[in-house]
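# have a look; sequence and predicted model below, questions after that.
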Amino acid sequence: RAEYSFVKELNSHACQASVENVERAIQRFFANCKSNKPGKKGYPRFKKHTRSVEYKQSGWKLHPTKRRINFIDKKSIGELKLLGKWDIHTIDVKLIKRVRIVRRADGYYVQFCVKVDNTLEAPPTNAQVGIDVGLEYFYSDSNGHHEPNPRFLRKSEDTIKRSQRNIYKKKKGSSSRRKARGIYARKHLRVTRQRNEHALRVARNLCLANAKVVLEDLNVSGLVRNHKLAKSISDASWYNFRRWLEYFGSKFGREIITVAPHFTSQECSNCGTRVQKSLSTRTHSCPHCGHIEHRDVNAAKVILSRATTGGHPGSNANGVVASTSVGRKTCKSKRRR
């Protein structure tokens with residue numbers, strides 16, 4: 001605060017929250033290096049501009065109606081009207097631990113961090129399902145269901161490209177160029193929200209219907225290096241879907257397990273024989289046992305069997321250790337020698 005004069009105008013708790021974010025980023029960097037986590041591990045970079053500011057339990061005050069919030073630090077933000085859902089009405093102000101102002105392409109948002117019990121009682125079930133995410137379908141499960149792939153980016157690609165071209169038709173530094181950039185950013189924001197809402201809805205339905213959900217532990221950042229499929233993989237948003245599965249698994253007390261993805265598309269779910277096939281081959285046909293099934297459904301059954309029995313009995317599907325489990329203790333299967 002002594003080195004930079006502008007910091008003196010900021011709320012002390014807001015400064016502390018920024019320091020805590022930096023500390024977590026640095027700790028995460030060293031933890032990833034120590035565990036040899038695959039992928040790019042760059043040291044946290046200095047950010048000149050930020051899109052959010054976080055307050056703890058001071059510097060803000062909710063109106064008695066809880067429809068307005070007043071920021072009372074030296075930056076003179078003043079009173080803001082809260083639009084949208086009124087869920088905050090049902091929460092005691094003492095339970096609000098942090099308040100964050102976030103700038104998006106279409107305006108400013110207030111996020112409340114509330115200390116409450118987030119678990120819910122879900123209908124009891126013994127159902128379990130294996131899912132295989134893909135590009136033809138968003139996912140295929142071991143029951144034979146195919147969830148359609150919405151392809152939100154592909155559907156909006158023409159309008160996004162048109163709005164991007166409009167930016168370069170405007171003079172640099174002009175207000176019209178700034179407006180064009182805003183239009184472009186809002187179109188991307190719309191696609192992001194569509195993906196998130198779709199992943200949330202599908203993950204919630206899966207966790208409500210099944211006591212155990214098994215999926216592959218995919219290295220998505222490595223898969224997008226294939227430039228022929230990178231846009232389609234990013235559009236599918238597999239990792240976001242997994243995050244929502246883990247969230248609802250914890251919320252409903254369900255078991256979410258990830259298994260190694262090696263040869264799940266090649267193994268036969270009936271006998272365990274590996275059948276080599278190209279990506280364009282969409283039907284699994286086993287020459288050993290004669291089993292014929294859709295490629296993705298067969299892979300989903302293999303994924304489920306790896307978590308429940310460690311692979312097909314007598315097959316070359318070596319047991320794997322589930323890397324992620326939310327809600328319950330995961331099973332570990334021994335490696336066959």
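Yep, that arrived.

# now residue 17: how far from residue 104?
According to Cβ to Cβ, to the nearest Å, residue 17 stands 19 Å off from residue 104. For every residue, glycine as well, the C-beta is placed using N, CA and C.

# more neighbours: these two, which one.
The residue with more neighbours, out of residue 17 and residue 104, is residue 17; 17 against 14, by other Cβ atoms under 10 Å.

# quick one: secondary structure of the residue lying closest to the more buried one once chain neighbours are set aside?
Nearest residue to residue 17, sequence neighbours excluded (Cβ to Cβ, 6 or more residues apart in numbering): residue 54, at 3.8 Å. What DSSP: H, G, I helix; E, B strand; the rest coil gives for residue 54 is strand.

# okay, which residue is most central for this protein?
The centroid of the chain falls nearest to residue 240 when counting by Cα atoms, centre = their mean (2.1 Å).

# who does residue 146 form a beta bridge with?
residue 140 (DSSP bridges).

# I'd say the residue nearest to the centre of the chain and residue 198 touch.
No - Residue 240 is beyond contact range of residue 198, at 9.3 Å (criterion: Cβ atoms under 8 Å).

# okay, helices next: where are they in the stretch 201-337 of the chain?
Secondary structure of the stretch 201-337 of the chain (DSSP state H, counting those that start in this stretch): helices located at 220-223, 230-236, 238-252, 295-308.

# make a markdown table out of those helices and add distance to residue 62.
A markdown table is the format used below for the helices of the stretch 201-337 of the chain (distance: least, Cβ to Cβ, whole Å):
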| stretch | distance to residue 62 |
| --- | --- |
| helix 220-223 | 39 |
| helix 230-236 | 39 |
| helix 238-252 | 26 |
| helix 295-308 | 46 |
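
# with respect to residue 132, which of these lies nearest?
For the helices of the stretch 201-337 of the chain, the distance to residue 132 is smallest for helix 295-308, at 4.2 Å, taking Cβ to Cβ.

# so how far is that closest one from its chain's centroid?
22 Å (Cα atoms, centre = their mean, to the nearest Å).

# now do stretch 54-66
Centre to centre, stretch against its chain (Cα atoms, centre = their mean), the figure for stretch 54-66 is 29 Å.

# quick one: mean pLDDT over that stretch.
Across stretch 54-66, the average pLDDT comes to 85.

# how long is that stretch from one end to the other?
19 Å (Cα to Cα, to the nearest Å).

# in that stretch, what counts as buried?
By neighbour count on 16 or more other Cβ atoms under 10 Å, the buried set for stretch 54-66 is 54, 55, 56, 59, 60, 62.

# go on, stretch 278-293?
Those buried within stretch 278-293 under the rule 16+ other Cβ under 10 Å are 284, 286, 291, 293.

# widest-spaced pair of the residues you listed?
Most distant of the buried residues of stretch 278-293, by Cβ to Cβ, are 286 and 293, 8.8 Å apart.
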